[in-house]
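In: Sequence below, structure please.
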Amino acid sequence: MTVSAWSPVVHESWAQRVVFGSGTARADVAAEVAGLGATRVLVIAAEGERALAEDLCGDVPVVAVFDAVRPHVPVDVARAVRAAAHEHAADLLLSVGGGSTTGTAKAAALTTGLPVLAVPTTYAGSEATPVWGLTEDGHKRTGVDPKVLPRVVVYDATLMLSLPARLSVTSGLNALAHCVDAWWAPRHSPISAALAVEGVRSLAASLPRIVADGRDVAARRDILFGAYLGAVAFAGAGSGLHHKVCHVLGGAYDLEHAALHSVVLPHVVGLNLPAAPDAARWLGSALDDRADPFGALLALYAALDPPRSLRELGLAERELDRATDLVRAQVPHSNPRRVAQDELRELLGRAWRGDSPVLVPLTES
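Out: Residues are numbered from 1 along each chain as shown. The predicted structure is shown next:
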């Protein structure tokens, strides 16, 4: 990947300590909590992962556990976790779980300023970004604030071994979406692009391995590396069209987050790729098919067999016109092509029906 001598490049990176391990999470968490000097830890974990969180934090000075985690972080949950942090005089927020759990910790950090230590159990990537999101009255608001970026991330590939195959795939494709969207997001740069290429390469090589064998720890570790690279690329580049679509639909209709990303991604790629030759080249390089990168992406989908339709996620067909209007208002100016209303409606229609994604030819304007 080359950079023109005359092209200005701006890339913003974020300070964070990241620890990768396998089977060492409990010891790593205790060491990192001690390193942060925390003595009153509020643990945040969804009810289904509370037992895991309590085990991982057995050597940590925990003052309370908050388990009222919900997808897309409704504002009432944000208020409740902030209240818990104040009530227990917490000096550290320790999240154990997926993107919703990390997002809940971020919601508390946004107003309290407390540091976050994140222990991911999916490939959501939220732990590596300064992006927060809150949902109220069917609208998801997002923003960027360095206060919400976890101070430390503890990754452990063995924590992913119990992740069901379907969620492993959809969460992994969510990570892939971070990479792809970074190629045309508002702050994209050669640096975020390079991170994204390596992220796609790692994810595409390792996701089929865990479909074949969910106990493959080495593959789980490689997915974590890819997910982390994608999240860092996303943090630098910002939200592209794909994430705008998913944030709008997720907030308005409370759709399953990771599955939503897996459904929408190939349709957005099919729309944008004809207008984004650099992205096509990078995708082809990462998927080892420079002649037909879009076909290579569809082949990966065929191997992984993720959810394919918005209908199966619960979106009603009657909502497609309204959804189109909501998404159209959020299309980033950086998108490589202008998106007409009818093109966006057709994209959502295809995604709703579960039609095969297609490359959308450029039209003369």
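
In: What is the helix or strand encompassing residue 86 packed up against?
Out: Secondary structure from DSSP states H and E places residue 86 in helix 75-87. For helix 75-87, the elements it packs on are strand 41-44, strand 62-66, helix 99-112, strand 131-136, judged by 3 or more CB pairs under 8 Å, 6 or more residues apart in numbering; DSSP states H and E. C-beta: built from backbone N, CA, C; applies to glycine.

In: again, only this time at 10 Å
Out: strand 41-44, strand 62-66, strand 92-97, helix 99-112, strand 131-136 (3 or more CB pairs under 10 Å, 6 or more residues apart in numbering; DSSP states H and E).

In: Show the contacting residues for residue 88.
Out: 40-42, 62-64, 66 (CB atoms under 10 Å, 6 or more residues apart in numbering).

In: What subset of those is buried?
Out: Taking 16 or more other CB atoms under 10 Å as the criterion, what is buried in the contacts of residue 88 is 41-42, 62-63, 66.

In: I'd like those residues written out as CSV, with pLDDT and distance to residue 137 added.
Out: Formatted as CSV, the buried ones among the contacts of residue 88 follow (pLDDT from 0 to 100; distance: CB to CB, whole Å):
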residue, pLDDT, distance to residue 137
41, 98, 33
42, 98, 27
62, 98, 34
63, 98, 33
66, 98, 23
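
In: domain ranges for this structure?
Out: As recorded under automatic domain parsing, the domains making up the chain are 17-160, 165-353.

In: Redo the ones you listed as TSV? Include distance to residue 9.
Out: Listed next are the domains of the chain as TSV, based on distance: least, CB to CB, whole Å:
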stretch	distance to residue 9
domain 17-160	20
domain 165-353	5
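
In: By mean pLDDT, show me the worst of the helices and strands packed on helix 75-87.
Out: For the helices and strands packed on helix 75-87, mean pLDDT drops lowest on strand 131-136, to a mean of 92.

In: Show me which residues of that one are buried.
Out: 131-135.

In: Not counting its own residues, what contacts the least confident helix or strand in the chain by mean pLDDT?
Out: Least confident helix or strand, the chain: strand 139-144 with a mean of 88, by mean pLDDT, DSSP states H and E. With contacts defined as CB under 10 Å, 6+ apart, strand 139-144 is touched by 12, 14, 72-75, 110, 129-135, 187, 235, 238-239, 243-244, 246-252, 254, 326.

In: how about 8 Å then?
Out: 72, 130-135, 238-239, 247-248, 250-252 (CB atoms under 8 Å, 6 or more residues apart in numbering).

In: And the furthest pair within those?
Out: 130 and 252 (24.1 Å; CB to CB).

In: other SSEs contacting the host helix or strand of residue 168?
Out: Taking DSSP H and E as the definition, residue 168 sits inside helix 165-181. If you count contacts as 3+ CB pairs under 8 Å, 6+ apart, helix 165-181 packs onto helix 190-212, helix 217-237, helix 241-253, helix 257-272, helix 277-286, helix 293-304.

In: Share the number of residues neighbouring residue 208, please.
Out: 14 (other CB atoms under 10 Å).

In: Residue 291 versus that one, what's the distance?
Out: 21 Å (CB to CB, to the nearest Å).

In: Please name the residues that touch residue 25.
Out: Here residue 25 is in contact with 56, 119, 154, 156, 158-159 (criterion: CB under 8 Å, 6+ apart).

In: Setting the sequence-adjacent residues aside, check what's closest to it.
Out: Counting by CB to CB, 6 or more residues apart in numbering, residue 25 lies nearest to residue 156, which is 3.8 Å off, once chain neighbours are set aside.

In: Name the residues linked to the one you found by a beta bridge.
Out: For residue 156, the beta-bridge partners are residue 21 (DSSP bridges).

In: surely it meets residue 27?
Out: No: with contact defined as CB atoms under 8 Å, residue 156 does not reach residue 27; the gap is 10.1 Å.

In: residues near residue 275, how many?
Out: Other residues close to residue 275 by other CB under 10 Å number 16.

In: Which per-residue confidence value corresponds to it?
Out: 97.

In: from what I can see it touches residue 336, true?
Out: Yes: shown here, residue 275 and residue 336 form a contact pair, counting by CB under 8 Å, at 4.1 Å.

In: can you put the buried ones among the contacts of residue 88 in CSV and add distance to residue 283?
Out: As requested, these are exported to CSV (distance: CB to CB, whole Å):
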residue, distance to residue 283
41, 42
42, 41
62, 44
63, 47
66, 40
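
In: element containing residue 119?
Out: strand 116-120.

In: partners of that strand in the sheet?
Out: strand 92-97 (parallel), strand 152-156 (parallel).

In: So which of the ones you listed is the most surrounded?
Out: Mean neighbour count (mean count of other CB atoms under 10 Å) peaks for strand 92-97 among the strands paired with strand 116-120, with a mean of 29.

In: thinking again about what came up before, between the helices and strands packed on helix 75-87, which gets nearest to residue 309?
Out: Per CB to CB, nearest to residue 309 of the helices and strands packed on helix 75-87: helix 99-112, 21.7 Å.

In: Report all helices and strands that the closest one contacts.
Out: strand 41-44, helix 75-87, strand 92-97, strand 116-120, strand 131-136, helix 257-272.

In: Pull out the buried residues from that helix.
Out: 99-110, 112.

In: So which bits of the least confident helix or strand of the chain are buried?
Out: Buried-residue list, strand 139-144, by 16+ other CB under 10 Å: 140, 144.

In: what is the orientation angle of it with helix 75-87?
Out: 50 degrees (axes from the mean of the first three to the mean of the last three CA atoms, to 10 degrees).

In: per-residue confidence at the residue lying closest to residue 12 once chain neighbours are set aside?
Out: In this structure, residue 12 finds its nearest non-sequential neighbour in residue 236, 5.8 Å apart by CB to CB, 6+ apart. In this model, residue 236 is scored at 93, pLDDT.
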